[in-house]
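[1] Got a sequence here, can you model it:
(chains A and B)
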Amino acid sequence: MPDAAGVRRLHALKVGETGVVADLIGGRDLVSRLAALGFTPGASVMVAQNFGRGPIIVTVRDTRIALGRGEAGKIRVRPTEWPPHRRGRRHARRHGARRGRRDPGTSHEE
Amino acid sequence: MATQHNNEKDERTITVALAGQPNVGKSTVFNMLTGLSQHVGNWPGKTVEQKTGTYTYNGTTIRLVDLPGTYSLTANSPEEVIAREFIIREQPDVVVVIVNAAQLERNLYLLAEILPLGAPVIVGLNMTDVAEYEGLDVEPEVLQAALGIPVVPMIASKNRGLDILVKTIDVVAHDAAQVCAPKMPEIRADHYDVLLSLEQIIADQVPEPYPIPWIALKLLEGDAEVTRTMKKRLSPSQWEQVHDILAEHEDAVVAVASGRYDWIGRMIRAAVLRPRPGQIGLTERLDRWAAHPIWGLLILASILGAVFWLTYTIGAPLQELIDTYIVGTAADWVTELTAGGPDWLTGLLVDGAIGGVGTVLTFTPILAIFFAALGVLEDVGYMARAAYVMDRFMHLMGLHGKSFLPLFLGFGCNVPAIMGARIIESRRARLLTILVAPLVPCTARLAVLAFLAPVFFGGWAPWVSFGLVIGTLVVLALSGIIINKFVFRGVRAAFIMELPLYHIPNWRTIGLLVWQRTLAFLKKAGTIILVVSVIVWALSYFPGGDVETSFLAQVGWLLAPIGMLMGLGWKLMVALLTSFIAKENSVATLGVLYGTGEEEAGLAQALSAEVTPAAGLSFLTVQMLFIPCVAVMAAVRQETGSWRWTFFSVAFLLVISFVGGVLVYQGTALLGL
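    Model (predicted):
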């Protein structure tokens, strides 16, 4: 569930949803690898594939990157409403929060 | 050729380092420039492949060193350390950083890491055609003006722009100062002062030739290697100061990376025109199928099925040709040549040397075709998708998707599988992959299965064979789970993997890959396998001159009590032991022991008369799970760099194969079969 500032874990975003990286949590090695791949605060990301379990595919800085759910959970993003014509956006927004509540990974560290 | 006046130039060799992130077409550039002049080896003391090659330009020899493809230069992996140590210590005349024009922003990150090392840099702006296809408009001149270093647009796979790259390398090598005045990336403003104070503390303790600001930056990034070095060099009070600063700025790693991306943003702002967002490219459309959890698996299964079909349809006849015409002829020829000499000499050369190495050689066409098929899949960009869809399953073993490719190579031969495990970053995951890889049924084991299954089970053979292969893979999975849980305590490696854009394969790159992998395999066959084949042959020949009374048979007798539990007589035990040279030897040994010679029909008759189906099933089970052949063991030793893990691997396989054999034999006996 999004917290007051609207920050969510990357794997809680649905397909087609976009966001801006807020911060990275986790060990320094992992953070350093993720940052090198382009996941730095302010970078826009889009979830290209997410089936609710298993790894997800994210687009960041023109690159498609596959991330395990654990790794994706270390990236916190602020969802954006843009771009407006993305397929599935409205659907994702309406159901995203509900999914977030079921997913313990999104709320407990807030 | 060379005239008197440019002799001086001739004698100088220019060293050029080729750097780049993965999936930028770096190896294509390297292959195009150096062709077959490549030398493939290992970086000193590391199990990381080192490729060097040469080309000449204007009478000057240029030595091209292919640095490992890495995303950054922080000491997260041996590859990253190798790349940066080479640039700092060997001081190449020029560093060429290859970037993919379609992923410029991400690719320039490595450039942002390389520039502060001080070497003259050229940017090879590769894959401009891909960028154009993706709707990106990249202007090389504008980028060059922004960066302050030469930028050469090119399409390496179509051999376009490489001539200009070669010319530019020559210009920069001779007068770098004139063309290279790079604008350096800086740390994010809020950490600027921190970096400065770090630099002041460490300034007089930084070893030559490391740049002081770079060391300070790496300390802030928490780089393990640099931190260790500086801790040793700094006085305790200095280290305390450094430590306090680092403890206070644990988040600095993100600030440093952000600083680099801010710099990249400034560099490409004017040079890149983006397409309208949300445009769906070919890659995304293909990935909806190829990376789908269900369709992706079906696609993977069909592709792998096709690879096997192709390999065996083309490879098997070739294998027979080599066996009859090359190995057979060589054996006949040597037999004739040594006819007057002692029996043991003929035995040594024909059964030992030619028998061991020859059979391995016959697998070369199958391997080459297999390598080619996988090379295409790799170059197209598909293998990353295979790893992605397999991740869910590999996860169970504490591995991730990346281990899938090397394990799949194992169906051809376990040796390349173990060497292929190098692509896995985490040492633990790599070790685990190496430990389970010998359980992948290789071509040679499948050949034994194909020969013996009909002998033992008649019409049921295909089903039994299929069951045995599946059973072996189940054992592989269980072994992975067990080793991961009890030896590695269940820690899992992070799964972060780039999915490259799909693109048309480059045949030259694939050709060279097949050539190098096959050559590496042949070299091994020519050395280690030769030596051990001869040793094991000697054990099977001396002291009496035949297998029945040999040292090997004595070991077989010793093992008879264990064999009894598995329903295996000493002959079958000895056959297992000789499969240590090469798996397919067990058939040949049985031929000798049952006195039917090489004639297969006779052996089949003798075996079906003497061995019950239960014992046969047990034998095949043990054969599938048994300790790997010599070549595989050598590969395990080489890749793990440790005898302990090598022995662990052998002992582990020995235990599971015998346990498997006992379970199968006693189980079938209980069922009254």
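
[2] got a pLDDT number for A:D62?
    A:D62 is assigned 86 on the pLDDT scale.

[3] Where does the stretch 1-150 of chain B get nearest to chain A, which residue?
    B:S72 (3.7 Å; Cβ to the nearest Cβ). C-beta: built from backbone N, CA, C; applies to glycine.

[4] For A:G27, see how far away the nearest residue to that residue once chain neighbours are set aside is.
    With Cβ to Cβ, 6 or more residues apart in numbering or on different chains as the criterion, B:S72 has its nearest non-adjacent residue at 3.7 Å, and that residue is A:A36. Computed with Cβ to Cβ, to the nearest Å, the distance linking A:A36 and A:G27 is 14 Å.

[5] swap in B:L18?
    32 Å.

[6] which residues touch stretch B:621-628?
    Residues from elsewhere that reach stretch B:621-628 (Cβ atoms under 8 Å, 6 or more residues apart in numbering or on different chains): B:414, B:438-439, B:441, B:445, B:448-449, B:452, B:468-469, B:471-472, B:475, B:566, B:568, B:576, B:579-580, B:583, B:586, B:633, B:636, B:649-650, B:653-654, B:656-658, B:660-661, B:664.

[7] Narrow these to those that are buried.
    Among these, those classed as buried by 16 or more other Cβ atoms under 10 Å in any protein chain shown are B:414, B:438-439, B:441, B:445, B:448-449, B:452, B:468-469, B:471-472, B:475, B:566, B:568, B:576, B:579-580, B:583, B:586, B:633, B:636, B:649-650, B:653, B:656-658, B:660-661, B:664.

[8] Out of these, list just those in helices.
    B:414, B:445, B:448-449, B:452, B:468-469, B:471-472, B:475, B:566, B:576, B:586, B:633, B:636, B:649-650, B:653, B:656-658, B:660-661, B:664 (DSSP state H).

[9] one step back: B:L18 and A:G27 - which one has more neighbours?
    B:L18 (25 against 11; other Cβ atoms under 10 Å in any protein chain shown).

[10] my guess is the more buried one contacts B:S27, does it?
    No - between B:L18 and B:S27 there is no contact under Cβ atoms under 8 Å: 9.0 Å.

[11] need the contact list for the residue of the stretch 1-150 of chain B closest to chain A.
    Neighbouring residues of B:S72 by Cβ under 8 Å, 6+ apart: A:32-33, A:36, B:80, B:109-110, B:113.

[12] and which of those residues is nearest B:F308?
    A:R33 (35.2 Å; Cβ to Cβ).

[13] so who does that closest one touch?
    B:71-72, B:76, B:494, B:496.

[14] do that again at 10 Å, thanks
    A:R33 sits next to A:27, A:39, A:71, B:71-72, B:74, B:76-77, B:253, B:425, B:494, B:496 when contact means Cβ atoms under 10 Å, 6 or more residues apart in numbering or on different chains.

[15] could these go into TSV alongside pLDDT and distance to B:L405?
    Formatted as TSV, these follow (pLDDT from 0 to 100; distance: Cβ to Cβ, whole Å):
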residue	pLDDT	distance to B:L405
A:G27	84	27
A:F39	95	25
A:E71	91	20
B:Y71	93	19
B:S72	93	23
B:T74	87	25
B:N76	77	20
B:S77	80	17
B:V253	90	30
B:E425	75	14
B:A494	78	18
B:I496	89	16
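
[16] can you list the residues of the stretch 201-350 of chain B near chain A?
    Taking Cβ under 10 Å from any Cβ of the partner chain as the test, the list of the stretch 201-350 of chain B residues beside chain A reads B:221-224, B:250-262, B:264-265, B:272, B:274, B:276-278, B:280-281, B:283-284, B:287-288, B:291-294, B:296.

[17] among these, which ones are buried?
    B:221-223, B:252-262, B:264, B:272, B:281, B:283-284, B:287, B:291-292, B:296.

[18] What's the local residue count around B:P207?
    Around B:P207 there are 9 residues (other Cβ under 10 Å).

[19] which residues touch the closest residue to it other than its chain neighbours?
    Using Cβ to Cβ, 6+ apart and skipping the chain neighbours, the partner closest in space to B:P207 is B:R233 (7.0 Å). Counting by Cβ under 10 Å, 6+ apart, B:R233 makes contact with B:202, B:204-207, B:215, B:239.

[20] Name the nearest residue to B:E79, ignoring sequence neighbours.
    B:P68 (3.6 Å).

[21] That neighbour belongs to a helix?
    No - residue state for B:P68 (DSSP: H, G, I helix; E, B strand; the rest coil) corresponds to coil; a helix is not indicated.

[22] Show the low-confidence segments of chain A, by residue range.
    A:1-5, A:82-110 (pLDDT under 70).

[23] change it to 80
    A:1-5, A:81-110 (pLDDT under 80).

[24] all helices for it, in order.
    So, for chain A - with DSSP H - the helices run A:28-36, A:69-72, A:89-102.

[25] circling back to that earlier point, if you go by neighbour count, which of the contacts of A:R33 are buried?
    A:39, A:71, B:71-72, B:74, B:76-77, B:253, B:425, B:494, B:496.

[26] Relative to B:A553, which of those is nearest.
    B:E425 (46.7 Å).

[27] for the spatially closest residue to that closest one that is not a sequence neighbour, what are its contacts?
    Distances taken as Cβ to Cβ, 6+ apart put B:S77 closest to B:E425, at 4.9 Å, once the chain neighbours are dropped. With contacts defined as Cβ under 10 Å, 6+ apart, the neighbours of B:S77 are A:33, B:48, B:68, B:70-71, B:83, B:424-427.

[28] Looking at those residues, which is nearest B:D137?
    Closest to B:D137, out of all of the contacts of B:S77 and judged by Cβ to Cβ, is B:Y71, at 25.2 Å.

[29] any chance you could read off phi and psi for the closest one?
    The phi/psi pair for B:Y71 (degrees, to the nearest 10) reads phi -80, psi -30.

[30] hang on, it packs against B:Q103?
    No - assessed by Cβ atoms under 10 Å, B:Y71 is found out of contact with B:Q103, at 11.3 Å.

[31] Overlap in contacts, the two.
    A:38, B:21, B:498.

[32] Could you save these as a markdown table and add columns showing neighbour count and distance to B:G480?
    As requested, the shared contacts of B:Y71 and B:Q103 are exported to a markdown table (neighbours: other Cβ atoms under 10 Å in any protein chain shown; distance: Cβ to Cβ, whole Å):
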| residue | neighbour count | distance to B:G480 |
| --- | --- | --- |
| A:G38 | 25 | 32 |
| B:Q21 | 25 | 30 |
| B:E498 | 18 | 25 |
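
[33] Does the helix or strand harbouring B:F466 reach chain A?
    B:F466 belongs to helix B:461-482 when assigned by DSSP states H and E. No - against chain A, helix B:461-482 shows no contacts by Cβ under 10 Å from any Cβ, the least distance being 16.9 Å.

[34] could you give the mean pLDDT of that helix?
    88.

[35] and that helix, C-alpha only, in CSV?
    Output of helix B:461-482 as CSV, limited to C-alpha atoms (Å, rounded to 0.1, in the frame of the first residue of the first chain):
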residue,chain,number,x,y,z
ALA,B,461,14.0,-49.2,-24.1
PRO,B,462,12.7,-45.7,-25.3
TRP,B,463,10.5,-45.4,-22.2
VAL,B,464,13.2,-46.5,-19.8
SER,B,465,15.7,-44.2,-21.4
PHE,B,466,13.4,-41.3,-21.2
GLY,B,467,12.7,-42.1,-17.6
LEU,B,468,16.4,-42.3,-16.8
VAL,B,469,17.1,-38.9,-18.4
ILE,B,470,14.2,-37.3,-16.5
GLY,B,471,15.2,-39.1,-13.3
THR,B,472,18.8,-37.8,-13.7
LEU,B,473,17.5,-34.2,-14.1
VAL,B,474,15.3,-34.7,-11.0
VAL,B,475,18.4,-35.9,-9.1
LEU,B,476,20.2,-32.8,-10.4
ALA,B,477,17.5,-30.5,-9.0
LEU,B,478,17.4,-32.3,-5.7
SER,B,479,21.2,-32.2,-5.4
GLY,B,480,21.1,-28.5,-6.1
ILE,B,481,18.5,-28.0,-3.4
ILE,B,482,20.5,-30.1,-0.9
